[in-house]
Structure formats: C-alpha cells, structure tokens
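Enquirer: mind folding the following:
(2 chains)
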Amino acid sequence: MVAEAQRSKLPWPRTRRARRALTGYFFISPFILGFFLFFVGPALVAAWLTMFDWNMIRPPFFIGLGNFKKMFADDLFYQSLKVTAYFSLVSVPVGLVLSFFLALLMNFKTRSIAVFRTIYYLPSIVPAVANAVLWSFVLNTEFGLLNALLDSIGLPKIAWLQEPEWAMPAIILMSLWALGATMVIYLAGLQGIPRSLYEAAEIDGAGRWASLINVTIPLMSPVIFFNLIIGIIGSFQIFTAGFLITGGGPQHATLFYVLYIYRNGLQYFDMGYASLLAWVLFFLIFALTLLVFKYVGRYVYYEDVGS
Amino acid sequence: MNQQLSRRRFLHFSGAALGTAALAACQPAAPAATGEMSEAQPAAERVQIEFLGMPGSPDLIPEEQELFHDENPNIEWVLVQQAQGTSRLEQLMALVVAGTPPDTSRVESDVYRTFAHLGLLLPITSYIEADPEFSAEDYWIQPQEDDRQVYQGESYGIGSCWVAPHFYYNVSLFEELGVEPPSNDPEEAWGWDDFLAIATDLTVDVNGNHPGDSEFDANNMERWGVNWPTWWIPLHAAVQSNGSDWIDAESEKIVLDSPEAMQALQNIADLRIAHGVMPRTEALEALGMGGTQLLETKKVALQVDGSWALSWNWEIEGGIGTAVLPKMTRPGTDMQAHLVTVVKDAENPDEAWELIRFLSSPWYQERYCRSGLWLPSQNALMTEESIADWCVAPEHPPGYELIVTEYAPNYGHYLTMPVGYVKAAETALNPVFSQIFNGEARAEDVLPAAVAEANQIMETEQARPTS
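Expert: Numbers count the residues shown, from 1 in each chain, chains lettered A, B, ... in the order given. Purely as a prediction, here's the structure:
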C-alpha cells in the first residue's frame, strides 16, 4: 500500500519505461508529424481524389471509375510509361556498372586519390536545375561541346535534343554524369571488405580478376542491391531533365511519367486524374521493388547470416 | 540558482516554446509598408488588395504604389511575392486550393478563357460599363481588345498592353553589307520571294559561300540570314501573313489544317530545311542565345522577336533597326498580352476593381510603352502628340511609330486560346510541329490529323463539369 501511494505521487507517466518511451516519441515526433502531415495525409487525399474530377477551383466532382477508364484509353499514359521504362532500363544498369567501376578505380591507394574522388563526386552535388542548364549547353546542336567533338572527328552534328531518337540517349548520358553519389556508397562498401580475404585469395593463387569475381562482388552484393533498388525508384521519378531541357519532347520522346502527372495536375487542372497516375506510379514502383527483392535479392550475399 | 532543470520541466518549456512558435507562424504576415501613406493611415481603415504576378518593372513599382495609394487612400495594394522555384500558375493554383487566393492576378492569355470557364475569375463587365472612360467606344484599340477580353459575353480581365512580333536587325551590319534594310511601313513589307532572296544573300558560311553554292558548308556558318523562332507567337504571325487563322474566332476550333495555314508553317520550316538561311532556332534558344545575342554578334542578320525585346535590344552595339515581317499574301502579325483580373472570391471586389482600373490607366501603360516593353492598347497613347512624347529615342528607333500605329493595330490579330487549348497544343500540335520543323514530315501530311485530335481534346475539356 505504501509503495502504491508513493508511486501515485510520481509524475505521469509513472514508470521509468513509459517515461523513456515518451521521451523517445517526443524526439522522433518531428519526423512522425511530417510523415503524417506531408505524406500519409496527402496520399490518402490523393487516393480519394482518384474517383473525382477536380479542377482545383470548384469542389471535386464524383465520377466513379471515370479516371480509370480515361487512363486505360490514354495514349500518353502508355507513352510516358514506355519512356520512363526505357530510361530506367538503360540508365540504371549502365549507372550501376559505371559507378562500380569508378569506385574500384577510386579505391586504389595512390597519391592525390582524394582529389580524384572529389572531382568525380562533385557533379552529384550540382543542383539539378544547374545540371540541366549545363547539359543543354553541352548537347546544343549548333554550338554544343559534344557536337564540336563529333565535328572534330568528321562526324555530322546531331540534334540531340530536337530529334526523338536522340533525346533519350542524351538525357541518359546527362543522368550518368551524376554517378558520384552511387560511387561514394560503393567506395564505402569496398573499404569495408577485410584485407585478409584478398590475402587469402592471393595465397590461393587468385589474380585481380578472380579476386574481383570471388571476393569483391559477393561481398559488395548488398551494396549493389541497395543501389539497384534506389536506382530503380529514382529513375521512375525522373522529372527535371524532361521538364527543363526538352519539355517532354520532341514528339513526346522524353515525356517522363512524373512530368505527365505534373502536366495533368497543374497545367490541365485535372488533379483527380493526376492523383490516379501518382497512385499507379506508387504501385508500380512497389511491385518492381518486390520483384527485385524476390528475384535479385536471392543472389545477395550477407556475411553474417551466411546466405 | 544552480538548480538543475528536470526533464519534466524541460519538456514543459520545450512544449510551450514550440506551441508559441507554431502560433506565431500561423499568424498572417504583417503587410509590407508601402510608403508614407501606410504609416499615416491606421491599418484598420484600409482594405488590403493582393496582386499576384506584377506585370511591370520592380524599379517602377514603388512609385506606382505611391500614386495608387494617393488616389485610393482606403486601399492598400499588396504584392504577393513570387515563390522561388515555382511558376506563377502553380503559385496561383496553390493559393486557390489553400482557400487564400489573391484578390487580383495577372493571367496569361493561354489560360484566360480556361480560368473564366472554370469560374476562377470575376466578371467585370458591369464595372467596365459603369466606368465613363473604359466604356467609351474609342478607349481601346478594337476589335483586338474585345477579342481577348470577352468570353461568352462577359469580360473577365483587361489586357495590360499589346505585344507583336516584328523584325529586328543590327543597323551597322546592313551598313557594312550595303544592303537596304526592311521598312517599318506595312505598305512596304517585303514579299516572301524577295525576302527569301535577301535572306539567301545575307546567309554566308565561314568561306564566304551562300546557300545554293556548290561549296556551301552549312556546318560552319558565319551568319544566317534570318532567325524565325518556331513557337506559337512568331508562327501565328506567319499564319496571319498567309491570310489564314490559327483558331477560328466563331467556332473556337483550331484551323491550322487550312491550306494557307499549312503552307505558312511549311514556309517557316523550309527557311532552314530547303533554303538553309536559318539556324535551328530551338538549339540557339536552349543555349540562352536569344535574338539580342544573335544580332549583337551578327550571327543573324534578321531576327523575328516580340516587340517587348525592344526594351533591351535598343542598347545593342551597332544600333537596332526594326521592320515589319515579310508578307506571304498580306502583311500580318500576332497581337498578344497577359490580362489583369479580379479573382472571383475576392473579399473586396470593388476595391480590387480599383486596382485593375489603375493598372489599365494610360499613366501606367505609358511608362512601359516608353521603355519599349509594351505597345499601347489604349487609343489615348496612339495620338500624334502622345506618340511624339513616348515613342522616342533612344529606346525606339526611327520609324517605329509605324509599327505602333499602322502595323500592329491594322494587321495584328489576337490569337484566342479556347478552353483546353494548352492540353490540346501539348498533346497534339507540338509533336507535329516538331516533325515539321525537324524536316521529318511536311505540314500537309501531319497537320490535318493533329488538328482533328486537338479539337477533340478541347471539346472533351470543355465538357468537363464546372460546378
């Protein structure tokens, strides 16, 4: 009875465990609040809007499955999916391989390696808009650096951003310029591989190539897998290049999916349809991520669990 | 004094501080001081009117606000600052969705009818009719003003000014070459064939060859004869000069599939593709190389650009000259400009109208006509006396008054953009323009289907529920 009376005098919450939990919640509350206010809330509203025609000026007008019917009959919906898939299918694997190769180079212990690492990392911290402007100069048909190079070896000029067949390769090329961020993640992974494994491989007679295949790549597979997932998600959300450099053209050749969502929402005042497209993108990325986990995840080597 | 702060008290204090900060953040921002009048008058007696998308120059705005406040001591004109990284349209829609629309806003001509249709804008016909100046028959340049203002019998905004594309050239280049420059007089407009011959003569590669010469090297150009940008304002001017329309004013349908319109667009495409007298204009624009740079570096002899460009072109080295565009069958150009509007849910529509009225006054318009940015939309600024006052050097080259008084009002045509036009253009028209200007297809092969699709899109957009 005495202990109970004493406990009742303690401030709420009365147990040490509950107080610790409360403190913890307090400190994570900025994220939790932001998550609910700026992600879950708008996402739920967007889900509700998929059944409405909403021009943002008058109240939403219920149209049932109208937006779904429109989507299945919308050529540009398929075109934007195709364009985004093309970008993803090329830029993600090429980016993964190139950044891995760069990381291997940057992992050599040579003089001035820190300078090279900085140089290769720098493009990834250039703001996306500045990057877009810079590349529109490089890719310029009349005075661009790339065409000057082609001209110097006797090749004809290419209208990189004006011809539909060249616009996407140009944007993929541009996206590869910012490999630095992925490279740094690889580099951190490479530096975590114990030296002793390479020494053991060397004793077993393994050369550089065999060490790469049998030591480096298996031990780096969680990092490669991580970059693959992040790369896929990022590639499906590409927007800036299509918005700023090509405006989705020429002939819808760079009409990325998110750009099409933006246009429907803020240029055509069709926020209900834009919400549906946004949810479709969410499920698409979610499904792709699950597929990658299921079919690629099995090849990932986790040292501590031994599989 | 050395007492330790308990965790409980720390949390209380933190919570209180956060709560206070949140309340402070939710409080509406204090209006910006706008000169002496705002200090002299108690805020409670004044009505605040917000304006989004100020059309004029930031340097001139304080003086404009001061005069407005002198004339309307009961109204405070507050500028809504443009949010960084956001377009004006995005900002306007965000404010509307948030339930805090500005009272008045600049609206571009491509979405004006769409906004009126969707019910965003307040009809102001009754205000115009009740205004002795604005309702006067000869106040505006007509019929263009009615063409842009009136949607289904109602006015929802007033155009700030007019702008029209025409030729610019570097005077010193024409003097060096000994070539007679084109005229500002529409009666003396070059015919298309004459223009092509002169443009060919003005086009030269680094070895001095012209298009048609066997040694001509289009990849190493010294100078192009002309740059005719391939976006809708210069293209509309071309369509007009071939006696056709972009959109039929009566039916509000796109009519770019008429033989004349298709021929006009193909003529522009052929400047580069068939005649080699024009660069890839979009490539130059992407480089940030606008008409001014092309003229100043003498990379282009004749540049088609909007009249607004005079406000900076007049300073180029070598001196700027202007001229009317060549005629395919008749002189023609585009007349366009944004409108100033009252938002339907404005709390104080009468005061909002006073601001719109002020922004449509001759005093206000004349300031920007003088700088070369605008062409007038009011006849008061078209009189001989007024022209002699504002249409002067150094901003205006000799003879520019003919562009103002003869070319634009008599041969300029307003491009009405119906409800759903933006979607129709982006979805159906722009892709075929790209094909035409890339030389992948001829206008007559691709435009009819694209026009049909664009009209269908507009029809669908117009059928969407509005209430």
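Enquirer: would you map out the domains in the chain?
Expert: Since no chain was named, I'll use chain A. A:2-49, A:75-299 (automatic domain parsing).
Enquirer: the intended chain is chain B.
Expert: Recorded structural domains for chain B (assignment: automatic domain parsing) are B:36-163+B:337-410, B:165-335+B:420-462.
Enquirer: residues contacting the most centrally placed residue in chain B?
Expert: Residue closest to the mean C-alpha point of chain B, counted by CA atoms, centre = their mean, is residue B:337 at 4.5 Å. Shown in contact with residue B:337 (CB atoms under 8 Å, 6 or more residues apart in numbering or on different chains): B:109, B:148, B:159-163, B:374, B:377. C-betas here are computed from N, CA, C, even on glycine.
Enquirer: mean pLDDT added to the domains of chain B, as TSV?
Expert: Shown next, in TSV, are these (pLDDT from 0 to 100):
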stretch	mean pLDDT
domain B:36-163+B:337-410	89
domain B:165-335+B:420-462	94
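Enquirer: winner for burial among the ones you listed?
Expert: domain B:165-335+B:420-462 (a mean of 20; mean count of other CB atoms under 10 Å in any protein chain shown).
Enquirer: for residue 95, give me its contacts.
Expert: Chain wasn't specified; assuming chain A. For residue A:95, the contacting residues are A:175-176, A:179, A:182, A:231, by CB under 8 Å, 6+ apart.
Enquirer: actually it's chain B I care about, not the one you picked
Expert: Per CB under 8 Å, 6+ apart, neighbours of residue B:95: B:52, B:80, B:101-102.
Enquirer: check whether stretch A:249-263 contacts chain B.
Expert: Yes: judged by CB under 8 Å from any CB of the partner chain, stretch A:249-263 and chain B are in contact via A:249-252, A:263.
Enquirer: enumerate the residues of the stretch 351-467 of chain B near chain A.
Expert: Counting by CB under 8 Å from any CB, the stretch 351-467 of chain B sits next to chain A at B:420, B:422-423, B:426-427, B:430-431, B:434-435, B:438, B:461, B:464-467.
Enquirer: and for the residue of the stretch 51-200 of chain A found nearest chain B, the neighbour number?
Expert: When scored by CB to the nearest CB, the stretch 51-200 of chain A has residue A:141 as its residue closest to chain B, at 3.8 Å. Residue A:141 has 22 neighbouring residues, counting by other CB atoms under 10 Å in any protein chain shown.
Enquirer: that one contacts residue A:156, doesn't it?
Expert: No: using CB atoms under 8 Å, residue A:141 is not in contact with residue A:156; the gap is 10.8 Å.
Enquirer: returning to that earlier point: the residue of the stretch 51-200 of chain A closest to chain B in helix, strand or coil?
Expert: Under DSSP: H, G, I helix; E, B strand; the rest coil, the three-state class of residue A:141 is coil.
Enquirer: and the contacts of residue B:95, which is closest to chain A?
Expert: Nearest member of these to chain A, counting by CB to the nearest CB, is residue B:101, at 9.3 Å.
Enquirer: does the closest one belong to a helix, a strand or coil?
Expert: Of the three states, residue B:101 takes coil under three-state DSSP.
Enquirer: would you agree it is in contact with residue B:341?
Expert: No: checked against CB under 8 Å, the pair residue B:101 and residue B:341 is beyond contact range at 11.0 Å.
Enquirer: which residue ranges form the strands in the chain?
Expert: No chain specified, so I'll use chain A. A:52-53, A:61-62 (DSSP state E).
Enquirer: let me rephrase: I mean chain B.
Expert: Under DSSP E, chain B gives strands at B:47-52, B:75-80, B:104-107, B:150-151, B:154-155, B:157-159, B:165-170, B:204-205, B:221-227, B:300-306, B:320-323, B:333-335, B:339-342, B:412-414.
Enquirer: partner strands of the second one and their direction?
Expert: Paired with strand B:75-80 in the same sheet, following DSSP bridges, are strand B:47-52 (parallel).
Enquirer: do the same with the fourth one
Expert: Take DSSP bridges as the rule and strand B:150-151 pairs in its sheet with strand B:154-155 (antiparallel).
Enquirer: and the pLDDT at the closest residue to residue A:252 other than its chain neighbours?
Expert: Leaving aside its sequence neighbours, residue A:252 sits nearest to residue A:79 (CB to CB, 6 or more residues apart in numbering or on different chains; 5.2 Å). As summarised for this prediction, residue A:79 has a pLDDT of 97.
Enquirer: surely residue B:366 and residue B:383 touch.
Expert: No: at 11.8 Å, residue B:366 does not count as touching residue B:383 under the criterion of CB under 8 Å.
Enquirer: who in the stretch 51-200 of chain A is up against chain B?
Expert: A:53, A:55-58, A:61, A:76, A:133, A:136-137, A:140-144, A:151, A:156-157, A:159, A:161-164.
Enquirer: which members of these are classed as buried?
Expert: Buried residues within these, counting neighbours by 16 or more other CB atoms under 10 Å in any protein chain shown: A:53, A:55-57, A:61, A:76, A:133, A:136, A:140-142, A:144, A:157, A:159, A:161-164.
Enquirer: now, which of the residues you listed lie within helices?
Expert: A:76, A:133, A:136, A:164 (DSSP state H).
Enquirer: export these to JSON lines and append columns for pLDDT and distance to residue B:290.
Expert: Output for those, formatted as JSON lines (pLDDT from 0 to 100; distance: CB to CB, whole Å):
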{"residue": "A:76", "pLDDT": "96", "distance to residue B:290": "31"}
{"residue": "A:133", "pLDDT": "82", "distance to residue B:290": "15"}
{"residue": "A:136", "pLDDT": "82", "distance to residue B:290": "14"}
{"residue": "A:164", "pLDDT": "91", "distance to residue B:290": "25"}
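Enquirer: what's the most distant pair in the residues you listed?
Expert: Within those, A:76 and A:133 form the most distant pair, 26.6 Å apart (CB to CB).
Enquirer: and stretch B:225-245, does that touch chain A?
Expert: No: contact of stretch B:225-245 with chain A (CB under 8 Å from any CB) is absent, the minimum separation being 10.3 Å.
Enquirer: starting at the chain centroid, how far to that stretch?
Expert: With CA atoms, centre = their mean, to the nearest Å as the basis, stretch B:225-245 stands 15 Å off its chain's centre.
Enquirer: now do stretch B:50-65
Expert: With CA atoms, centre = their mean, you get 17 Å for stretch B:50-65.
Enquirer: so where's chain A uncertain?
Expert: Applying pLDDT under 70 to chain A flags residues A:1-11, A:304-307.
Enquirer: most centrally placed residue in it?
Expert: Centroid check for chain A by CA atoms, centre = their mean gives residue A:234 as the closest residue, at 1.7 Å.
Enquirer: and that one, what does it touch?
Expert: Contacts of residue A:234 (CB under 8 Å, 6+ apart): none.
Enquirer: please report the distance of it from residue A:286.
Expert: Between residue A:234 and residue A:286 the computed distance is 15 Å (CB to CB, to the nearest Å).
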